[in-house]
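> sequence unknown, structure follows:
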Ligand SMILES: [Zn+2]
């Protein structure tokens, strides 16, 4: 039995994290057909033992104020690793079964992920509805595995953390952030922006879905709506990378000159359609992965992921692992991605890059803001559902109650109850997104005041962000609020943006 000191532990955890991230990357981008995370976890099993966890707990208790947070993040990673070690084989099995799943379509078969990707590009309304149903039918066949993994993970996490209650456990892990007040704050913003949202929704649903649409269209159409597909002739697949690179250049970021950022923009059948960043070894190795399909959403997705990539690749290399790659949650890094993707809501940006009239530019910026609002409303409803789901979980186990009702009422899109397990993110990620939504609006309000209304094409914005990026994952999103003079749950800037 090897018990490691904090610095020995950090070094080995660093090596483990790089291997694990590289494995996740190759599966995610479709270079590998099977996930072998379990083998990596097994090789580093000595990192994830109860004895090592106790040793880290003791080191955390003995640490001075300056060191405690870094040790706490190592301890939380150890805790999570103990759980993952137990579940890695079953989680791999589910991941591999999903990779192998096929959806019958047009007398042929599509990999599940390709079928999901096709929902964003299938132009015919009725065919999209049918494909959505076919995807759901295949996806739900994995619900028993999803349920048993959720249940097993909850029990293990409760045991290893000492918090049996899933909500209290997550709040502790996020550093003492309370989840209900976040829900209350975003509910306020949602309710106050509903009178502006409802007519915009009818306008865009008519325009994007056509006359045959259901009054409340099913979620099979969500990706098509979000992609703003009818604007595709303006926002081509080919222009997305050069336009986004030029957009970043105006902010003072030269993506090609960032040595740590590796881009993967290729199209492969098993590549997940969701863009992502995998920070394998920041700031030296950060993967920016997108799969362009045509449409304005490609631009938003690229700018969003560029926000993450620049954040990770911009950190001080001298920071400890705890502040380069580890974090308690994702609420900080999502501020930067939300800020950059919100540039698509600026009419001036559309006019500058796409040779549009002012009227067209304003209309398309409105489309982008509508799509963002729709997503915000979905996530606010998702957090409400997830809080209820996990609050009743210890007594009822996993149940779909409230999923369809809440999400449908918030968005005007029908999210079928049967999809609730596939739509569940670990660790209340929805709350992290929502904190970032609130914060990005506060940062935009600050930038408009300090830099000007052209903050989105001003190198002063980049300079300000670069200073924050240097600090890596260390600050909390609540600390960022304090620095720019806002209460963490002040939703006035967000409400103003949603009703703009
Ligand atoms: Zn993100």
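In hand now; what should we look at? The structure displayed is predicted, hence computed values, not measured ones. Numbering: from 1, shown residues only.
> Let me know the distance separating residue 96 from residue 34.
5 Å (Cβ to Cβ, to the nearest Å). To be clear about C-beta, it is placed using only N, CA and C from the backbone, and glycine gets the same treatment.
> nope, residue 387 is what I meant
Per Cβ to Cβ, residue 387 is found 35 Å from residue 34.
> Of these two, which one has the most company?
Neighbour count, other Cβ atoms under 10 Å: between residue 387 and residue 34, residue 387 has more, with 21 against 10.
> Could you give the backbone dihedrals for that one?
As for residue 387, its main-chain torsions (degrees, to the nearest 10) stand at phi -60, psi -40.
> Contacts only, for it.
Counting by Cβ atoms under 8 Å, 6 or more residues apart in numbering, residue 387 touches 167, 179, 180, 183.
> Show me the protein divided up by domain.
Listed domain ranges for the chain are 6-163, 179-498 (source: automatic domain parsing).
> Out of these, which gets nearest to residue 171?
domain 179-498 (5.9 Å; Cβ to Cβ).
> tell me the mean pLDDT over that closest one?
Computed over domain 179-498, the mean pLDDT rounds to 95.
> Now residue 15: closest residue in space that isn't a chain neighbour?
Excluding the flanking residues, the one nearest residue 15 by Cβ to Cβ, 6 or more residues apart in numbering is residue 44, at 7.9 Å.
> Go ahead and confirm the one you found touches residue 16.
Yes: between residue 44 and residue 16 there is a contact under Cβ atoms under 8 Å: 4.3 Å.
> for this structure, what spans make up the strands?
Ranges of strands within the chain are 102-105, 108-111, 261-264, 276-281, 285-289, based on DSSP state E.
> which stretch among those strands comes nearest residue 159?
Judged by Cβ to Cβ, the one of the strands of the chain that comes nearest to residue 159 is strand 276-281, at 29.2 Å.
> and the closest one with strand 285-289, angle?
Relative orientation of strand 276-281 versus strand 285-289 (axes from the mean of the first three to the mean of the last three Cα atoms, to 10 degrees): 170 degrees.
> List the contacts of strand 276-281.
By Cβ under 8 Å, 6+ apart, the list of residues contacting strand 276-281 reads 14, 17-18, 21-22, 24-25, 28, 285-289, 305, 308-309, 312, 325.
> just stretch 319-332 next, same as before
Contacts of stretch 319-332 (Cβ under 8 Å, 6+ apart): 10, 13-14, 17, 69-71, 73-74, 76-77, 173-175, 177, 279, 281-283, 312, 315, 317, 333, 427-429, 431-433, 435-436, 439, 471-477, 480.
> again with stretch 434-454
177, 182, 185-186, 189, 330-332, 334-335, 337-339, 342, 348, 376, 379-380, 383, 455, 458, 460-461, 464, 477, 480-481, 484-486, 488-491, 493-494, 496-497.
> Can I get the buried ones among those residues as something I can paste into ChimeraX?
Applying 16 or more other Cβ atoms under 10 Å to these, the buried members can be selected in ChimeraX as follows:
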select :177,182,185,186,189,330,331,332,334,335,337,338,339,342,348,376,379,380,383,455,458,461,464,477,480,481,486,488,489,490,491,493,494,497
